[in-house]
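Trainee: No letters, just coordinates:
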């Protein structure tokens, strides 16, 4: 630290005072910056520890890289679907396929235009004459899924400022059924596209109301067994309601370790949108394997001629959500059954 008395004497003996004031100012500024930086880091660490989030758990926003070009003379809109980046990892088959859809919605209402960022276009309300669908071929799903596909469509100039793009990223199950995982609304006149330009459009994760499933967990450390009780499922969105046919529901339980399926079980078939199962399934899991174990619970609708996966949940130590809290409670209090209700996510 500086001595104020020595500073005054040195200044008295001919050295200019602004030099010393500049030195003191730099020293105080550096000290303040270090204190602020360390304090801010400590505050961030405490907040992350409080929320049980590590420094590496920050997830990037998924984006769609789309190229656009509009030719006014020919009234032609060109759309280039390049890739989808920063997609969140999912638990599913290693050969899971996906596709992308870009829908040109014509004559968007003026009320949507007034709040562009907050607008959400409901495709189900748009008839076939007011939209142009573009769908890619199915490819294997990856964290960065590449499509590299071009599309062109006629778009009159009088409709250019009232058109929007509905961009969707869909999963395909083994029954070739599409599930929208992420989507975005992009207004064509938001950026100039007289020349071909690529844009990174942020996506929002789709959260449809598929229903809930009630699950009970209990771990027995002496026998090293994991007990999973499928209690019931509620408010299921069944396809049989729209087809006016009858169907039944079952629940599949997959135990995964080291990204490999170790064991699988299933419940009996039950009718209704609120099926009651109350079935217990046991799995052999050692204490050292609990942190790397995943429980994938999938609700499936079964009919005489088809099957459809309604939704699933993932229970594991590595999942940062309500499922992680449920799993941690099971580990903290063994030999006790912990029952919670979880919302289904798209498969």
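Mentor: Yep, that arrived. Small disclaimer: the values here were computed from a predicted structure and weren't measured.
Trainee: For the chain, which segments are assigned as helices?
Mentor: Secondary structure of the chain, counting by DSSP state H: helices at 4-12, 17-50, 110-114, 240-243, 322-332.
Trainee: List the contacts of the residue nearest to residue 273 when sequence neighbours are not counted.
Mentor: For residue 273, ignoring the flanking residues on the chain, the nearest one in space by C-beta to C-beta, 6 or more residues apart in numbering is residue 236 at 4.8 Å. For every residue, glycine as well, the C-beta is placed using N, CA and C. For residue 236, the residues meeting the contact criterion (C-beta atoms under 8 Å, 6 or more residues apart in numbering) are 210, 211, 249, 273, 274, 275, 299, 301, 310.
Trainee: for residue 265, same thing?
Mentor: Residue 265 sits next to 228, 252, 253, 281, 283 when contact means C-beta under 8 Å, 6+ apart.
Trainee: Now do the fourth one, the pLDDT please.
Mentor: By that I understand residue 281. pLDDT recorded at residue 281 is 96.
Trainee: what's the answer for the second one, then?
Mentor: What the model reports for residue 252 is a pLDDT of 94.
Trainee: looking at the sheet around it, what are its partners?
Mentor: Listed beta-bridge partners, residue 252: residue 266, residue 298 (assigned using DSSP bridges).
Trainee: With the fourth one instead?
Mentor: When bridges are assigned using DSSP bridges, the partners listed for residue 281 are residue 228.
Trainee: Reformat the contacts of residue 236 into JSON lines and put distance to residue 87, neighbour count and pLDDT next to each item.
Mentor: Supplementary listing: those in JSON lines, determined by distance: C-beta to C-beta, whole Å; neighbours: other C-beta atoms under 10 Å; pLDDT from 0 to 100:
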{"residue": "210", "distance to residue 87": "20", "neighbour count": "21", "pLDDT": "88"}
{"residue": "211", "distance to residue 87": "24", "neighbour count": "19", "pLDDT": "91"}
{"residue": "249", "distance to residue 87": "29", "neighbour count": "24", "pLDDT": "94"}
{"residue": "273", "distance to residue 87": "31", "neighbour count": "14", "pLDDT": "86"}
{"residue": "274", "distance to residue 87": "33", "neighbour count": "13", "pLDDT": "91"}
{"residue": "275", "distance to residue 87": "32", "neighbour count": "21", "pLDDT": "94"}
{"residue": "299", "distance to residue 87": "23", "neighbour count": "25", "pLDDT": "94"}
{"residue": "301", "distance to residue 87": "26", "neighbour count": "18", "pLDDT": "90"}
{"residue": "310", "distance to residue 87": "22", "neighbour count": "22", "pLDDT": "88"}
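Trainee: returning to what we had before: what pLDDT is listed against the residue nearest to residue 273?
Mentor: In this prediction residue 236 is given a pLDDT of 90.
Trainee: what do you get for residue 135?
Mentor: The model reports residue 135 with a pLDDT of 96.
Trainee: Can you get me a residue count around it?
Mentor: The local packing of residue 135 (other C-beta atoms under 10 Å) involves 16 other residues.
Trainee: now residue 144
Mentor: Burial of residue 144, expressed as a neighbour count using other C-beta under 10 Å, amounts to 10.
Trainee: Equivalent analysis for residue 225, please.
Mentor: Other residues within reach of residue 225, judged by other C-beta under 10 Å, total 14.
Trainee: please renumber so the chain begins at 46
Mentor: OK, 46 is where the count begins now, so the last one is residue 270.
Trainee: Disregarding residues adjacent in the polypeptide, which is nearest to it?
Mentor: Counting by C-beta to C-beta, 6+ apart, the residue nearest residue 270 is residue 327, at 5.2 Å.
Trainee: Repeat that for residue 236.
Mentor: Nearest non-adjacent residue to residue 236, counting by C-beta to C-beta, 6+ apart: residue 244, 6.6 Å away.
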